[in-house]
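Asks: The following block contains a protein sequence and its predicted model.
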Amino acid sequence: MPSITAATDPAALGAALRRYFGFDHFRPGQEEALRTLIGGAHTLVVMPTGAGKSLIYQVAAMLLPGAALVVSPLLALMKDQVDSLTRRGLPATYINSMIAGSEQRRRLTDLTAGKVKIVLVAPERLRSRAFRDALRAARISLLVVDEAHCVSEWGHDFRPDYLHIADVWRELGQPLTLALTATATVQVQDEIVRLLGLPNAQRLVTGFNRPNLLFEVFTAVNQAAKLELLRDFLTDTEGPGIIYAGTRSNAEEVATFAQEVVDLPAAYYHAGLDMGARARLQDAFMAGDISLIVATNAFGMGIDRPDVRFVLHYGIPSTLEAYYQEAGRAGRDGLPARACLLYSPKDRSLQEWLIDSNTPTRTDLQKVHRYLAQTPQAAFEDIEAATGLPQVKARIAVEALEAAGIMGRGLSSTTGAEFTVKPLRDSDLDAIVGRVGARQAYRRSLLAKMVEYAETSRCRRRVILDYFGDTGPADALLCCDNDLARIAGAASAPPAKTDAERAALTTLQVVKGLRFSLGRDKLAKFLTASKSEAVARYQRHPAFGALVGWRRRDIAALIDDLVKSGYLKAVGSELPTLLLTPKGEAALQAGAAISLQPSQALKPPRPAVGNGLASTLDETRELAAAGLTPDEIASRRNLAVGTIYSHLAQLIGRGIVSLDDVVAPGVQAQVRAAVEQVGSTQYLAPIKALLPDIDYGIIRCVVNADNPAPPAAPAPSVVSAAPDADVLAALKAWRRDQAQVENVPPYVIFHDATLERIAAARPQTREELLAVHGVGPRKMERYGADVLRLVALRGTAPDSVAAFLARPHPRPLPGPWLAGWALDFHSHYDGDEHSRGAIGELVFRYKYTGEVDLAGRLADAWASLLAERRELPRADIIIPIPPSLARASDPVSTLAVALGERLGVPVLRGALVKTRPTRPQKEMTSLAQKRANVAGAFALRDDIRGKRVLLVDDLYDSGATLQEAARVLARGRPASLVVLTLTKTIHSDA
Ligand code: ADP
Ligand code: MG
């Protein structure tokens with residue numbers, strides 16, 4: 001093996017750098033790599049993009065005796081790279097399929113003649129026997145494998161030709177080898193070394209730390225919570241930013257949210273947009289005309305706007321590597337920038353689903369094999385159309401067959417690729433299925449790493465560096481949320497003072513102390529000592545009931561707030577459970593006042609009348625509520641009846657229990673008569689003297705009912721006990737009407753103060769309403785139902801997020817028309833379930849449950865969409881898309897007719913007809929199949945020349961049908977074409 005010890009001397013390397021390249025200093029990692037390499041060791045260098053990996057082999061080539069053979073898949077970059085070397089006077093060349101045959105041979109001759117020091121070749125060259133023989137005649141002293149991760153079958157960029165490199169290496173006499181990559185997890189590094197056959201290669205992994213990025217993860221329990229986090233983030237973050245969304249529909253939706261709710265001009269970008277639109281958006285973003293872009297992972301290659309101040313992920317990507325690559329687009333200028341992830345444990349299911357649905361089955365593999373055996377010249381588009389496999393799945397199937405040597409992509413001299421296909425034996429198939437399964441398991445393990453990053457309490461930067469195997473220090477200005485929380489914890493936070501603040505700390509304390517973890521609902525039950533089955537087994541736990549007396553729903557809301565503000569985190573996708581975060585840990589240690597969202601009116605427990613009394617009262621109350629008589633309660637609880645009556649008297653006094661439930665009307669009348677006779681309720685003894693047969697407790701019950709207790713203590717103002725303005729206004733309006741009906745002044749119905757208390761407490765049950773001071777049993781009887789209904793209606797006072805989620809958002813439809821709109825997305829998929837939007841629900845009922853009357857409502861929605869978009873031309877005619885199967889009822893043309901009536905525009909039902917039957921598009925599984933299904937299937941039967949046409953359909957999915965129809969209509973030369981559908985789904989959701 002060559003060893004040029006002189007050159008390992010730093011001075012000699014530095015001199016070569018200056019002499020050949022004119023650079024003053026090595027960049028981090030370059031010199032170390034050169035020393036290892038020139039010292040004679042095969043070397044694997046993993047450094048991020050732009051770190052200067054090429055320079056390593058360029059300097060090495062100049063110092064080593066023979067030539068360097070560089071295998072690189074980036075054909076487009078070869079010429080530039082070689083040009084820049086020859087400009088510096090360094091003898092370099094490249095050989096790939098873009099070069100004429102004669103020129104290729106000339107360059108090879110130069111190489112064997114020792115006239116070049118660096119030759120770049122495309123990996124498919126390595127397949128050519130002639131080329132390999134020619135190489136043997138040359139003196140290759142360094143083999144460079146650029147983008148070395150392409151050797152990994154499971155990577156994102158697998159190149160089957162890379163598998164030939166090991167053979168070439170042996171044929172060349174095992175020259176010194178340098179493998180370079182920017183993206184390799186520790187596992188892929190192992191694989192590279194193994195597949196290239198370089199067992200004792202030195203590894204150098206460096207440069208992954210980006211000290212100016214702050215890493216943060218915010219956990220959201222559901223979509224609404226995510227949008228709230230997003231709103232807060234966007235409201236207090238400045239500067240240009242990129243939001244990455246997991247699906248195309250999410251990208252569109254989040255952009256709309258940013259516009260409508262945060263009032264930020266945001267654009268969306270995904271692979272469903274046409275090339276022109278994508279290029280325009282990219283340019284606009286680079287030029288600074290757009291400063292917020294919401295995109296799928298289709299956005300980013302070649303995006304190097306330096307001043308991106310944040311990259312926010314609206315869901316987890318499938319690997320930490322992809323995450324880091326995307327997040328790394330923030331702060332290219334070296335100034336502080338944020339890399340933020342909004343994480344919902346459900347995200348995981350969506351990614352798992354994607355992995356699974358991209359995994360070809362045994363039958364899929366057979367289908368692809370069979371098809372290619374018959375049609376070796378097929379393009380991917382053809383494979384998709386013929387097999388119905390979606391793009392990614394088809395590609396994975398082909399790769400798997402190639403990797404197993406069953407298929408090879410030969411170079412066809414005429415049109416690109418041609419497959420050579422060997423027979424597929426059962427044993428081969430078994431092996432391939434096994435490998436595909438292993439790949440799936442591997443993808444899942446990568447996903448698990450991503451989830452680990454999202455859920456960790458460790459330093460997030462360290463987690464990332466470890467993932468790549470970069471052992472350098474995780475230094476940073478501001479490191480990550482976890483570290484910041486640990487630092488902030490040491491700083492002085494104001495101590496918790498209010499009941500709510502203490503309840504928050506108690507919650508954290510309990511979560512920390514539990515040796516098992518509970519989900520939100522169970523934790524709320526646990527804390528409030530619920531008698532529910534769900535937590536029965538924990539009753540003896542010392543922390544059980546740590547917040548007894550608080551309303552369970554308040555505690556559940558408190559837990560949500562603690563998750564939202566990062567003190568607790570939810571982990572695990574099936575039934576997420578709660579854990580303390582470093583921020584929570586720090587707050588707990590400092591006993592800090594946690595400032596929570598003022599969204600919840602947290603009601604502290606009713607003040608206890610003495611220790612233990614609160615819960616004994618509660619028990620009596622629960623039994624009474626369950627319908628037991630005082631006698632039954634007494635025997636059940638093993639207490640004197642008098643004691644139970646005295647409990648009940650207190651409960652009645654506070655309006656919690658109704659007198660009528662406890663004391664018979666006749667007895668009530670006797671007591672009231674005695675009270676009247678005595679003339680005062682200050683002392684009970686004189687009353688009792690008149691009622692020898694009636695227990696003190698019973699007398700107390702009646703007296704308390706007629707003289708309700710004042711609030712025991714002013715409710716400590718906690719998180720926010722402010723009345724909900726919306727609810728209050730609704731209550732006052734109702735009271736005004738009611739007062740008119742009864743012909744009494746409004747305060748007789750309820751005092752202002754009572755209404756305010758109701759509006760603050762927003763009771764949901766009769767019991768909760770009774771607990772509001774000023775609402776006694778009689779008022780409960782009369783008005784309870786009305787009040788509860790009002791509160792329930794307004795109680796979910798639509799905040800900006802809820803309102804956003806509730807209303808439909810028309811979606812633009814891309815295609816060859818003047819304009820196209822859908823009323824809304826059809827449904828949302830959150831990794832767990834599809835939920836239909838309001839319009840989606842109507843469409844479903846209209847089409848599948850026979851509610852044909854809904855055509856009118858849907859046509860109304862169309863008509864108002866058109867009315868709101870004044871820029872659209874008025875239509876002269878409406879044309880419905882004909883149904884795929886001839887059937888009795890045709891929902892689309894019924895809709896068209898309803899719309900026509902509303903607009904006063906004629907419907908041309910027979911204008912567009914089918915020339916042949918087609919299958920319903922939803923049976924087609926790949927885009928290519930959908931296109932093929934409708935290609936040439938329409939004909940135009942009417943004269944539409946010069947007409948303004950409105951083309952309508954029920955659903956926009958891939959757009960294949962509408963695009964085909966539009967093409968046919970265009971031949972009739974209409975003046976304009978506008979397309980309307982009810983809903984939109986996005987076919988390939990990535
Ligand atoms: P990578 O392959 O790691 O993504 P490149 O090899 O393409 O990165 O290098 C990126 C840029 O950095 C190139 O323009 C290169 O000329 C430049 N570069 C590399 N090393 C140095 C250095 N030591 N000093 C100055 N510029 C350098
Ligand atoms: Mg490179």
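Replies: Looks like it came in fine. Ligands and ions are numbered 1, 2, ... in the order given.
Asks: where does the stretch 551-700 of the chain dip in pLDDT?
Replies: 597-615 (pLDDT under 70).
Asks: what sits against the residue of it found nearest ligand 1?
Replies: At 34.3 Å from ligand 1, residue 582 is the closest residue in the stretch 551-700 of the chain, using Cβ to the nearest ligand atom. (Each C-beta comes from the backbone N, C-alpha and C, glycine too.) By Cβ atoms under 8 Å, 6 or more residues apart in numbering, the contact list for residue 582 reads 457, 481, 482, 483, 485, 486, 489.
Asks: how much space between it and residue 572?
Replies: Residue 582 sits at a distance of 19 Å from residue 572 (criterion: Cβ to Cβ, to the nearest Å).
Asks: What mean pLDDT does the lengthiest helix in the chain get?
Replies: Identified as the longest helix of the chain according to DSSP state H is helix 426-455. Helix 426-455 comes out with an average pLDDT of 94.
Asks: buried stuff in that helix?
Replies: Within helix 426-455, the residues that count as buried by 16 or more other Cβ atoms under 10 Å are 428-429, 432-433, 436, 439-440, 442-443, 446-447, 449-451, 453-455.
Asks: Residue 573 belongs to a strand?
Replies: No. Applying DSSP: H, G, I helix; E, B strand; the rest coil, one finds residue 573 to be coil, outside a strand.
Asks: nearest residue to it other than its sequence neighbours?
Replies: Distances taken as Cβ to Cβ, 6 or more residues apart in numbering place residue 348 nearest to residue 573, at 4.1 Å, with adjacent residues excluded.
Asks: residues contacting that neighbour?
Replies: 316, 447, 451, 573, 831.
Asks: ok, so of the contacts of residue 582, who is nearest ligand 1?
Replies: Closest to ligand 1, out of all of the contacts of residue 582 and judged by Cβ to the nearest ligand atom, is residue 483, at 28.7 Å.
Asks: how about that closest one, what does it touch?
Replies: Going by Cβ under 8 Å, 6+ apart, residue 483 touches 459, 461, 582.
Asks: The same query, at a cut-off of 10 Å, please.
Replies: Residue 483 makes contacts with 214, 215, 458, 459, 460, 461, 462, 474, 476, 582, as judged by Cβ atoms under 10 Å, 6 or more residues apart in numbering.
Asks: on that earlier part again, check the gap between the residue of the stretch 551-700 of the chain closest to ligand 1 and residue 482 for me.
Replies: When residue 582 is compared with residue 482 (using Cβ to Cβ), they lie 4 Å apart.
Asks: can you tell me if stretch 207-221 touches ligand 1.
Replies: No. Stretch 207-221 does not reach ligand 1 (Cβ under 6 Å from any ligand atom); its nearest approach is 8.8 Å.
Asks: what residues are shared contacts of residue 582 and residue 482?
Replies: Common contacts of residue 582 and residue 482 (Cβ under 10 Å, 6+ apart): 456, 457, 458, 459, 566.
Asks: Any chance of a PyMOL selection covering the buried ones in these?
Replies: In PyMOL, this line selects whichever of the shared contacts of residue 582 and residue 482 come out buried by 16+ other Cβ under 10 Å:
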select buried, resi 456+457+459+566
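Asks: what's the closest of the shared contacts of residue 582 and residue 482 to residue 771?
Replies: residue 566 (32.2 Å; Cβ to Cβ).
Asks: Do I have it right that the closest one meets residue 216?
Replies: Yes. Proximity of residue 566 to residue 216 meets the contact threshold set by Cβ atoms under 10 Å, at 8.7 Å.
Asks: Roughly how far does residue 514 sit from ligand 1?
Replies: Look at residue 514 and ligand 1: by Cβ to the nearest ligand atom, to the nearest Å, they are 48 Å apart.
Asks: how many neighbours does that residue have?
Replies: Residues within reach of residue 514, counting by other Cβ atoms under 10 Å, total 18.
Asks: and the closest residue to it other than its chain neighbours, helix, strand or coil?
Replies: Taking Cβ to Cβ, 6+ apart, and ignoring the residues beside it in sequence, residue 514 has residue 543 as its nearest neighbour in space, at 7.2 Å. Look at residue 543: counting by three-state DSSP, its state is coil.
Asks: Run through the residues that contact residue 543.
Replies: 506, 509, 510, 511, 513, 514, 526, 527.
Asks: Same check on residue 474?
Replies: Neighbouring residues of residue 474 by Cβ under 10 Å, 6+ apart: 208-209, 211, 459-466, 480, 483.
Asks: next one: residue 245
Replies: Neighbouring residues of residue 245 by Cβ under 10 Å, 6+ apart: 251-255, 268-270, 294-297, 312-315.
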